[in-house]
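Asks: coords below, sequence missing:
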């Protein structure tokens, strides 16, 4: 089994006992388990059009990089990485650990392991900010997906976080629903299927991405024989549930 799948499965096993009962079995999840990995607060999102961007970053042995990005959640998929802001002591983050980085924060990364380190970088920001390159020596950056402009953003603060959603095989999918803000999904493992309001269903295999704007009515299901693992970057107005079920 690929190491990227193993670290997610290990994270699921570690997270389940720590989750409260309500989080393990939310009424809408129909057997799915949601583990919040990281979350931060954004004071406003209406100054410029916003986009999600997901990058896969590979740091070789001894590799370094510096990034001053829009708001982002950094997830260590493989290896171990020392992460530090200017004038701060580095903190080593290992596979399965994550960090919310506020917009404009200059962060340094260094591979601390014996092999390559893999980082998943979920960013949210204006197009010009997302286009700024990393300073690196050397790294490999692959863009896994980018959303169009996020519609329907309201004045006021938002929460931006990444959640690991584990959907068991042959589970009943939840009812059709939509987001209070928006979401950007990455299928980390398994065979997903998404059903739209008009009844159409489409496959979402491992490696696929899915943008969910505020008015997108849909439902996810596991179409395979093993767990479906989804990494979900989400924004929602502060104090408002992420998921909305029509009455």
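Replies: Yep, that arrived. Source: prediction; values computed, not measured.
Asks: CA only for contacts and neighbour counts going forward, please
Replies: OK.
Asks: domain ranges for the protein?
Replies: Under the assignment automatic domain parsing, the domains of the chain span 3-45+151-244, 51-146.
Asks: What separates the first and last residues of the last one, distance-wise?
Replies: Domain 51-146 has an end-to-end distance of 7 Å (criterion: C-alpha to C-alpha, to the nearest Å).
Asks: next one: that domain to chain centre, how far?
Replies: Here domain 51-146 is found 13 Å from its chain centre; the criterion is C-alpha atoms, centre = their mean, to the nearest Å.
Asks: pLDDT of that domain, averaged?
Replies: Mean per-residue pLDDT for domain 51-146: 91.
Asks: Make 46 the starting number, not 1.
Replies: All set: I'll call the first residue 46, so the last point we hit is now domain 96-191.
Asks: Now do the same contact list for residue 223.
Replies: Residue 223 sits next to 257, 258, 259, 260, 261, 262, 263, 288, 289, 290 when contact means C-alpha atoms under 8 Å, 6 or more residues apart in numbering.
Asks: List buried members of those residues by neighbour count.
Replies: Using 16 or more other C-alpha atoms under 10 Å as the burial test, the contacts of residue 223 include 257, 258, 259, 262, 263, 288, 289 as buried.
Asks: Name the nearest residue to the second one, sequence neighbours excluded.
Replies: Leaving aside its sequence neighbours, residue 258 sits nearest to residue 227 (C-alpha to C-alpha, 6 or more residues apart in numbering; 4.6 Å).
Asks: Could you do the first one as well?
Replies: Residue nearest to residue 257 in three dimensions, not counting chain neighbours: residue 228, with 5.0 Å by C-alpha to C-alpha, 6+ apart.
Asks: Which element, helix or strand, includes that neighbour?
Replies: Using DSSP states H and E, residue 228 falls within strand 227-234.
Asks: Could you list the paired strands of the following helix or strand past that strand along with their orientation?
Replies: Once the chain leaves strand 227-234, the next helix or strand it forms, by DSSP H and E, is strand 236-241. Strands that pair with strand 236-241, judged by DSSP bridges, come out as strand 246-250 (antiparallel), strand 263-267 (antiparallel).
Asks: tell me which residues in strand 236-241 are buried?
Replies: Of all the residues in strand 236-241, those buried under the rule 16+ other C-alpha under 10 Å are 236, 237, 238, 239, 240.
Asks: Let me see the mean pLDDT of it.
Replies: Rounded to a whole number, the mean pLDDT of strand 236-241 is 96.
Asks: Can you tell me what sits against that strand?
Replies: Strand 236-241 is touched from outside by 221, 246-251, 262-269, 273, with contacts defined as C-alpha under 8 Å, 6+ apart.
Asks: With stretch 126-143 instead?
Replies: Stretch 126-143 is contacted by residues 52-53, 56, 82-83, 118-125, 150-158, 162 when judged by C-alpha under 8 Å, 6+ apart.
Asks: Narrow those to just the buried residues.
Replies: For the contacts of stretch 126-143, a burial check counting by 16+ other C-alpha under 10 Å picks out 52-53, 56, 82-83, 118-125, 152-158, 162.
Asks: quick one: secondary structure of residue 174?
Replies: Put simply, residue 174 is helix when judged by DSSP: H, G, I helix; E, B strand; the rest coil.
Asks: circling back to that earlier point, list only those of the contacts of strand 236-241 flagged as buried.
Replies: Neighbour counting over the contacts of strand 236-241 (16+ other C-alpha under 10 Å) leaves 221, 249, 250, 251, 262, 263, 264, 265, 266, 267, 268, 273 as the buried ones.
Asks: Next, the angle from the stretch of helix or strand residue 190 belongs to to strand 227-234.
Replies: Per DSSP H and E, residue 190 falls inside strand 185-191. Here strand 185-191 runs at an angle of 120 degrees relative to strand 227-234 (axes from the mean of the first three to the mean of the last three C-alpha atoms, to 10 degrees).
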